[in-house]
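**Q** Based on what follows, work out the 3D shape:
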Amino acid sequence: MPLHPVGDTPMTVCPTHLATTLRRERRRVVLVYLLLAVAWIVSSDAAVGALLGDARMAGWLQTVKGVFFVFASAAMLYLLLRPLGAHVLQANARLAASELRHRQAFVGNPGPILIYDLQSVRILDANPAACTLFGWSREELLQESISLLWPADDRTGLESTLEQLREHPEKTCVLRSPLKLRDGRLRQMELRSNAIDVDGRAARLLIVIDRTAEDEALARRDQALERLEEAHELARIGAWQLDPASGLASFSRQVYQLLGRRPPQARTWHRFDELLVPADAATTAMTEQLLAGMSSGDAVHVDVLLPLIGMDGRPLMTHLRAESGVDELGRPRVMGTLQDVTEREQSRRLLREREEQFRELVRVLPDGVVILSEEHVLYANAFAVRLFGYEGHTLLGEPLQALVGEAGLAGVRAQLRDPAPQTSAGQIAIIGMQRADGSRFQAGLAVGEVRYGGRDCRLMIVRDLSDAERTRAALENSNRELQAMAGRLFSLQEDERRAISRDLHDDIGQAITAIKLSAWAALDEEDGARRREDLQQIVQLADGTVAKLRDLSTLLRPPQLDALGLEAALRWQAGVLFRSSQAELLSRIDTLPQRPDNAIEQACFRIAQESLTNALRHAKASQVLLHLRDIDQDRLHLQVRDDGEGFDPHGPRGLGLIVMRERAQSVGGQLRIESAPGEGTLIELHLPYRVGTMPDEPLESRL
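**A** Numbering: from 1, shown residues only. Next up is the predicted model:
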C-alpha cells in the first residue's frame, strides 16, 4: 500500500507541489499560444491585404496561411509541452522511488508499526515486526480493528483517546498502555502515534515499543532496593557521605534510627561529629582525627570500631567504614557505612569467656580430650598426656596408630569417619588403647566432630576403664553367683512347700478325720441332746480345719500346675482371687505350643500370682488384664495391666517386686515394670521355654 507522509522532504516529491507546477506550466503554454495566434492573425492579414488587392488570390493565400499556422502551432505546442512532460515523468519517477523507500523502511523496521484508519479504527497495514510481536499474520490483522490489541477492561480509555485524536487529527500522541497478544498475555507498551494520509483518508501511524522487560527490570530493581533497605534495617546498618570541602555529612534514615534519633523529612547535612556522639574522650580524639583525614582530600580508607552514645543514653558499639568516591555529579565525596555491632561485640565477648571456661574445663577434666586432624594429634589436654604416658607437648603430632592398639584401630577409624550412629546411641565404645611405653589399657571412647584452628577435626574423649572393667567383671561374677544362689533358694523353697503340702494333706488331714470319727462315736453317750450338740460342733470344726488345710496346700503348691500345666493353673488362680472381688478380670490365656520347664512354670505362676494380688490389695484397680501368649514359639510372654492408683517408680520398692525380678532373672527371663501415680501399672514378663535358652534381646527393667 503506498504511503503518503505529511510534509515534504529533500528525498521525496509532494503531490500538491506537482499539481501546482502542472497548473502553472499549463497556463504558460496557453498564454503563449494565444499571444502567438493573435500576433500571427493580425500580422498575416495586414500583410496579405497590403500585398494583394485580388480577393481570389487573397483567399488562396489565407488558406495557405491557415495550413501553415496549424502545422506551426502544432510544432510550437510540441516544443512547449516537451519539457513539461519530461518534468512530469521525472517527478513521477522520484515519487515512485520515494514511496518504495518508505515502504522498505516500513517493512524492514525492527520496531512494530501499525497504520489504522482514524474514523473506523480498522487496521490498514502492519509491518512484519508487529505481526511477530502480536502473533497474528498481516492478513488477519487487516481484517480487524485496532481495539483487538486492547484488553477488554481498558477499551474505554482507547475510545477516549480516539475521540481526542479525531478532534485534533494533527496531534502527536504518546502514551503507555498494556496491549494483548494473540495468546492472551499482556505486555506493557509505549505507543507513539502520528497523523498520516492514506489514499486521501485520515489515518494514524502507530509505533509500538515493548517496555515490559524494562518495567520488569525496574520492578526488580525496586524490589532489590526494598530488600536492601530491609537488610540494612535487620543488620542495623546505614549509609552516609561526607563533603571533604565543607566537612558536612549526609546520613541515611537507618543511621538516624540506630542512633535513636528521628530522621528529618528532607535531606539534611550535619557536622560529622554533631550526629555521632563519642562515648569517651579517646573516641572523641579518634573521631576528630578521622574527620581531619577525611577532609584532607587524600585517599580515604577507614575501618574502625567506634564506641558511641545513643540519643537515649545507652552505649553503642558501631563499625565505621569509609572509602573515597564521587557523587552522581562527579563531585568528590567520602562514602561510608555505620553499623550497630553492639550485640555482635557482646556475643564475641561472651564467646571469648565461654572459650576460656571451656579451655579451663577441658584442662581439669578427668578424661582425656584429643583433637585429631588427618589422624594426627592436633590438641591434647593434660589428662590425655598423662593417660598415654607422654610428657609436655610430645603427644602433639603423634599418629592415631600410636594411641590405639592394632585390634581396635579399624573400629576407631570407622567411628572417626562416621561418628553419628555412636553419638546418637549415647553409648561409649570400649577400645583397647596403648601408652607410649607400649602397655595397653581398656578405655571408653566417644567421638565427635569439632572445628579447631579453622579446620574440620575429630574429637576423641578417652576414659580410662581399667579399674572400672575389673570392677565390672567382679560385679558380673557376683551377679552370676547371686542368681545361682537365688535360683537354688527358690528351688529349695518350692521343694519345701511341696513337702509341707504333702504333710498337711496326708498327716494332719488323716488326724482330723480320726477326730471326726471319734466324735461320732461319742454320740452314744447318755445325755443325747447335749452330746449331739457338742459333737456337731466338733464335726463342724473338723470339717473347717480340713478345708483350710486343703486350701493352704493348694496355695502352697496348686495341683493344677503339675497336673494340667501353666495355663490351667493361671485360670484357677485368677478365678480364686477375683471370686469375691468387685474388680473386673479380663483374662486372655492362649494355649502354648509346648509345655515349659518346671522352673519356668513356677516362675511365671508366682509372678502372675504376685501381680494379681498386688493389683487387688494395693492398686485398688477396677479392671485388670491378664494375658499369656506365645512369641515366635521360642518364648512366652505374660502381661498384667491394671488401671489402679499406680506408684512412684523412683520411690521405695516393695519386697514383692524385688522377688518378682529375681525370679525372672533366675530362669533367664526379663521383667519390665512401668507405673506412675494415678496411671496404673504394667508388668511384662518374657521367659524362655527352656532354662538358659532366652535369646539376647534387651528389655528395660523399671521399678
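
**Q** OK, contacts around residue 322?
**A** By CB atoms under 8 Å, 6 or more residues apart in numbering, the residues touching residue 322 are 242, 290, 294, 300-302, 334-336. Every residue, glycine included, has its C-beta placed from N, CA and C.

**Q** And residue 674, by the same measure?
**A** By CB under 8 Å, 6+ apart, the neighbours of residue 674 are 649, 681-682, 684, 702.

**Q** out of these, which is most surrounded?
**A** Ranked by the number of neighbours (other CB atoms under 10 Å), these place residue 681 first, at 24 neighbours.

**Q** hmm, back to that, among the contacts of residue 322, which ones are buried?
**A** The neighbour-count test (16 or more other CB atoms under 10 Å) applied to the contacts of residue 322 identifies 242, 290, 294, 300, 334-336 as buried.

**Q** How about the secondary structure of residue 685?
**A** Here residue 685 is recorded as strand under DSSP: H, G, I helix; E, B strand; the rest coil.

**Q** what's the helix or strand for the residue nearest to it when sequence neighbours are not counted?
**A** Nearest residue to residue 685, sequence neighbours excluded (CB to CB, 6 or more residues apart in numbering): residue 638, at 4.1 Å. Assigned by DSSP states H and E, residue 638 belongs to strand 635-642.

**Q** what does residue 37 give?
**A** Using DSSP H and E, residue 37 falls in helix 15-51.

**Q** Quick check: mean pLDDT of the strand holding residue 638?
**A** Mean pLDDT, computed over strand 635-642, is 91.

**Q** packing partners for that strand?
**A** helix 598-617, strand 623-631, strand 681-688 (3 or more CB pairs under 8 Å, 6 or more residues apart in numbering; DSSP states H and E).

**Q** Okay, now the sheet partners of the second one, with direction.
**A** In its sheet, strand 623-631 lies beside strand 584-589 (parallel), strand 635-642 (antiparallel), with partners assigned from DSSP bridges.

**Q** what's the most buried one of the ones you listed?
**A** strand 635-642 (a mean of 22; mean count of other CB atoms under 10 Å).

**Q** can you give me the helices in the stretch 251-400 of the chain?
**A** Using DSSP state H, counting those that start in this stretch, the helices of the stretch 251-400 of the chain run over 253-258, 272-275, 281-295, 342-364, 382-387.

**Q** Please read the previous query as pertaining to the stretch 51-200 of the chain.
**A** So, for the stretch 51-200 of the chain - with DSSP H, counting those that start in this stretch - the helices run 55-108, 128-134, 138-142, 155-167.

**Q** which of those sits most buried?
**A** Most buried among those, counting by mean count of other CB under 10 Å: helix 128-134, with a mean of 18.

**Q** any idea of the mean pLDDT for it?
**A** 89.

**Q** got it, and stretch 570-584?
**A** Mean predicted confidence for stretch 570-584 is 85.

**Q** what comes up buried for that stretch?
**A** 570-574, 577-578, 583.

**Q** nearest to residue 350, of those residues?
**A** For the buried residues of stretch 570-584, the residue nearest residue 350 by CB to CB is residue 583; the value is 59.9 Å.

**Q** Just to check, residue 660 is in contact with residue 610?
**A** Yes - Residue 660 lies in contact with residue 610 (CB atoms under 8 Å); the separation is 5.5 Å.

**Q** More neighbours: these two, which one.
**A** It is residue 660, of residue 660 and residue 610, that has more neighbours when counted by other CB under 10 Å, with 24 against 18.

**Q** Spatially nearest residue to the more buried one (excluding sequence neighbours)?
**A** Nearest non-adjacent residue to residue 660 (CB to CB, 6+ apart): residue 607, at 5.0 Å.

**Q** Is it correct that the one you found is in contact with residue 671?
**A** Yes - between residue 607 and residue 671 there is a contact under CB under 8 Å: 7.3 Å.

**Q** any residues in contact with both of those two?
**A** Common neighbours of residue 607 and residue 671, using CB under 8 Å, 6+ apart, are 660, 664, 683, 685.

**Q** Compile those residues into a markdown table and extend it with columns for pLDDT and distance to residue 78.
**A** What follows is the shared contacts of residue 607 and residue 671, written out as a markdown table (pLDDT from 0 to 100; distance: CB to CB, whole Å):
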| residue | pLDDT | distance to residue 78 |
| --- | --- | --- |
| 660 | 81 | 145 |
| 664 | 86 | 142 |
| 683 | 91 | 139 |
| 685 | 92 | 139 |
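
**Q** Closest one of the residues you listed to residue 43?
**A** Closest to residue 43, out of all of the shared contacts of residue 607 and residue 671 and judged by CB to CB, is residue 683, at 157.2 Å.

**Q** Which residue is the nearest non-sequential neighbour of residue 233?
**A** residue 254 (6.2 Å).

**Q** now residue 215
**A** residue 188 (4.9 Å).

**Q** How about the contacts made by that neighbour?
**A** Neighbouring residues of residue 188 by CB under 8 Å, 6+ apart: 176-178, 210-212, 215.

**Q** Out of the contacts of residue 674, which two sit at the greatest distance?
**A** It's 649 and 684 that sit farthest apart of these, by CB to CB, at 14.2 Å.

**Q** Could you list the low-pLDDT ranges of the stretch 501-650 of the chain?
**A** 501-511, 513-528, 530, 533-534, 536-538, 540-541, 544-560, 650 (pLDDT under 70).

**Q** Please repeat the previous calculation with a cut-off of 90.
**A** 501-587, 590-603, 605-622, 630-635, 644-650 (pLDDT under 90).
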